[in-house]
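Asker: Here is my input; please provide its structure:
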Amino acid sequence: MLKLRLTKGRREALTGILFTLPFAIGFVFFFLHPFWQSIRFSLSQLKIVSGGYILEGVGLANYRTALVVNADFLRVFVEAVGRILIDVPLIVIFSFFAANLLNQKFKGRTIARVVFFLPVILGAGIVLQMEQTDYIMGQLRSGAVESGVLSGAVLRQFLYELRIPEASLDFVIEAVDRIPEIIRASGVQILIFLAGLQSIPRSLYEAADVEGFTGWECFWLITLPMLSPLILTNAIYTIIDSFTTPTNPLVKLVRETAFGGGGYGLSSAMGVLYFLAIAIILLIAGAIISKFVFYEE
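Answerer: Numbering: from 1, shown residues only. Got it, this is the predicted structure:
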């Protein structure tokens with residue numbers, strides 16, 4: 001029986017192929033095929049018939065309807081982008097400092113890590129949808145606002161008295177209102193930052209200690225540069241996650257258009273336009289953040 005002998009290079013290449021094979025299969029069957037179907041539907045009018053459906057070509061009519069005729073698509077898209085501009089920096093910053101805190105040695109550290117990651121395990125999108133549609137939670141929130149505990153007007157007045165610039169008030173108030181969602185959306189990012197913190201060689205900190213560096217200098221000269229590639233990774237992940245979460249208003253609009261009488265063609269056109277917009281935003285964000293990333297050689 002002949003034994004197949006592989007060189008070290010071929011073995012490493014084969015190992016790489018085997019590791020990437022599940023992703024490649026998933027990419028083809030769970031992304032490329034549905035995306036191609038969405039493009040077909042967006043260029044057609046879909047009619048349900050007995051035994052299946054038929055497609056009647058309409059060209060770019062669905063895209064014109066989404067961009068020109070439909071009054072909600074562009075408005076909701078702008079709202080979604082504005083929401084991302086608030087969420088992404090807050091989530092990345094919060095997860096970065098939470099990971100630094102959870103990386104310290106203290107009693108109950110394991111439990112604290114589990115608590116921060118629980119929303120990911122339980123499905124934060126589903127939990128948020130349940131809370132938004134739950135009557136009792138809605139009454140509790142409205143009661144809290146009426147009592148002045150969480151009133152945006154009270155917070156705005158307080159910040160105004162502190163001479164906070166008017167341009168910053170809306171951002172601060174919106175950020176405070178979204179604290180629960182920001183915490184829920186930070187589990188994966190905290191885990192990634194934790195892995196990065198634990199991979200930084202201790203010898204770097206020991207050498208810095210010998211040189212007389214303070215903790216603040218170690219943070220800016222060692223921790224932050226070494227984690228900058230992961231900041232890019234988490235920023236990209238957070239943008240995608242925020243754009244595709246079930247609570248995103250544009251995702252809701254696409255779903256409601258498909259099942260609420262707008263038609264699968266118009267819904268697919270909205271989805272394709274949304275995908276292209278996300279791709280452009282990711283390219284811009286990646287290009288900007290990459291300029292500040294430090295890669296160890």
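Asker: Could you check the pLDDT of the closest residue to residue 233 other than its chain neighbours?
Answerer: In space, residue 233 comes closest to residue 192 once its chain neighbours are excluded; the distance is 6.4 Å by Cβ to Cβ, 6 or more residues apart in numbering. For every residue, glycine as well, the C-beta is placed using N, CA and C. At residue 192, the predicted lDDT confidence score is 91.
Asker: Ramachandran angles for residue 192?
Answerer: Backbone torsions of residue 192, given as degrees, to the nearest 10, read phi -70, psi -40.
Asker: which residues touch it?
Answerer: 230, 233-234, 237 (Cβ atoms under 8 Å, 6 or more residues apart in numbering).
Asker: May I see the residues you listed organised as TSV, with pLDDT and neighbour count added?
Answerer: TSV is the format used below for those (pLDDT from 0 to 100; neighbours: other Cβ atoms under 10 Å):
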residue	pLDDT	neighbour count
230	91	22
233	92	17
234	93	26
237	92	17
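Asker: What about the residues you listed, which are in helices?
Answerer: Taking DSSP state H as the definition of helices, these contribute 230, 233-234, 237.
Asker: List the contacts of the helix or strand that contains residue 13.
Answerer: Assigned by DSSP states H and E, residue 13 belongs to helix 8-27. Contact with helix 8-27 is made by residue 6, as judged by Cβ under 8 Å, 6+ apart.
Asker: Convert the C-alpha atoms of that helix to PDB, please.
Answerer: Below are the C-alpha coordinates for helix 8-27, written out as PDB (Å, rounded to 0.1, in the frame of the first residue of the first chain):
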ATOM      1  CA  LYS A   8       5.600  20.500   5.200                       C
ATOM      2  CA  GLY A   9       4.400  23.300   3.000                       C
ATOM      3  CA  ARG A  10       1.700  21.100   1.400                       C
ATOM      4  CA  ARG A  11       0.600  19.900   4.900                       C
ATOM      5  CA  GLU A  12       0.200  23.500   6.100                       C
ATOM      6  CA  ALA A  13      -1.600  24.400   2.900                       C
ATOM      7  CA  LEU A  14      -4.000  21.400   3.300                       C
ATOM      8  CA  THR A  15      -4.600  22.300   7.000                       C
ATOM      9  CA  GLY A  16      -5.400  25.900   6.000                       C
ATOM     10  CA  ILE A  17      -7.900  24.700   3.300                       C
ATOM     11  CA  LEU A  18      -9.600  22.300   5.800                       C
ATOM     12  CA  PHE A  19     -10.000  25.200   8.300                       C
ATOM     13  CA  THR A  20     -11.400  27.500   5.700                       C
ATOM     14  CA  LEU A  21     -13.600  24.900   4.000                       C
ATOM     15  CA  PRO A  22     -16.600  25.300   6.400                       C
ATOM     16  CA  PHE A  23     -16.600  29.100   5.800                       C
ATOM     17  CA  ALA A  24     -16.300  28.700   2.000                       C
ATOM     18  CA  ILE A  25     -19.300  26.200   1.900                       C
ATOM     19  CA  GLY A  26     -21.300  28.500   4.200                       C
ATOM     20  CA  PHE A  27     -20.400  31.600   2.100                       C
END
